[in-house]
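Peer 1: here is my input; please provide its structure:
(one chain, ligands or ions: 1)
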Amino acid sequence: MSDFSGSTFSAHAWGRNEPVYEAIRTMPFNNALADGTLSLERFRHYMIQDAHYLIAFGRGLAIAAAKADDPDGLVQFAEAAKVAVVVERSLHADFFASFGISADEFARTQMSPVCHHYTSFLIGSAHAEPYPVVLAALLPCFWIYAEIGRDILGRAVRPNPYDAWIDTYAGEEFHEAVRAVIATTDRAAAKASPDVLQRMHEVYQRACQLEWMFWDSAWREADWPV
Ligand SMILES: Cc1ncc(CO)c(N)n1
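Peer 2: Model (predicted):
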């Protein structure tokens, strides 16, 4: 493992979790998304679960906003919470329509086990943990999508049925928000005690692992076993 000691939390956390990122980047789901061969069924599964996910992510961000240690953080995460819900609504209004998911199908589809796990982890951490740890739990959701979006854009076969998804996460608007979340998390980490910093690394790693599991679950079209 690389030694990132003395540098920022984000550099350290990224370095420690690089193998997880590399595993995500090369997953069958993301390879197939890039070359346009991903089955509609798998993407539909992913989108429905992501609509569930984004609402919970928005709630986690709203809790982060409430815990922010300054007004800038309050505004930043209140805005991010709003954007999560706006993106969820665009999934519903645009993606669901173009990929043939009816309101009824969405209403009938509960969270998958992994989506349930990931969202419970985010909401539970947001409620229970101090502000810097909440940010560390939320950071991979932003950062990994930004990196995956750009990576896929760089190798995507276009036109691609999933162009709109790729453009959302490769786009500069999203990346600007991600850089701001990285900066806020690093500022919070710089003031954190060793115990809190340790906790930040634990939740950051867990969120990275859950990101991998979220895509894997969509690839397997996983459902509750009973
Ligand atoms: C599972 C998941 N993680 C992160 C994002 C991006 O915020 C998303 N849309 N879905």
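Peer 1: any idea which element I182 lies in?
Peer 2: Applying DSSP states H and E as the criterion places I182 in helix 172-190.
Peer 1: quick one: the very next helix or strand once past that helix near the ligand?
Peer 2: Proceeding C-terminally, helix 172-190 gives way to helix 194-220 as the next helix or strand, assigned by DSSP H and E. Yes - applying C-beta under 6 Å from any ligand atom, one finds helix 194-220 touching the ligand at E211, F214. (Each C-beta comes from the backbone N, C-alpha and C, glycine too.)
Peer 1: which parts of helix 194-220 are buried?
Peer 2: Using 16 or more other C-beta atoms under 10 Å as the test for burial, helix 194-220 gives 196-197, 199-201, 203-219.
Peer 1: check stretch 30-47 too.
Peer 2: N30, A32, L33, A34, L38, R42, F43, R44, H45, Y46, M47.
Peer 1: hmm, back to that, helices and strands around the helix holding I182, which ones?
Peer 2: With contacts taken as 3 or more C-beta pairs under 8 Å, 6 or more residues apart in numbering; DSSP states H and E, helix 172-190 sits against helix 9-16, helix 71-90, helix 131-155, helix 194-220.
Peer 1: show me what from the protein comes close to the ligand.
Peer 2: Near the ligand, when you scan the chain using C-beta under 6 Å from any ligand atom, you find D50, Y53, L54, C141, F142, Y145, E211, F214.
Peer 1: so, low pLDDT: which residues of the chain?
Peer 2: 1-6 (pLDDT under 70).
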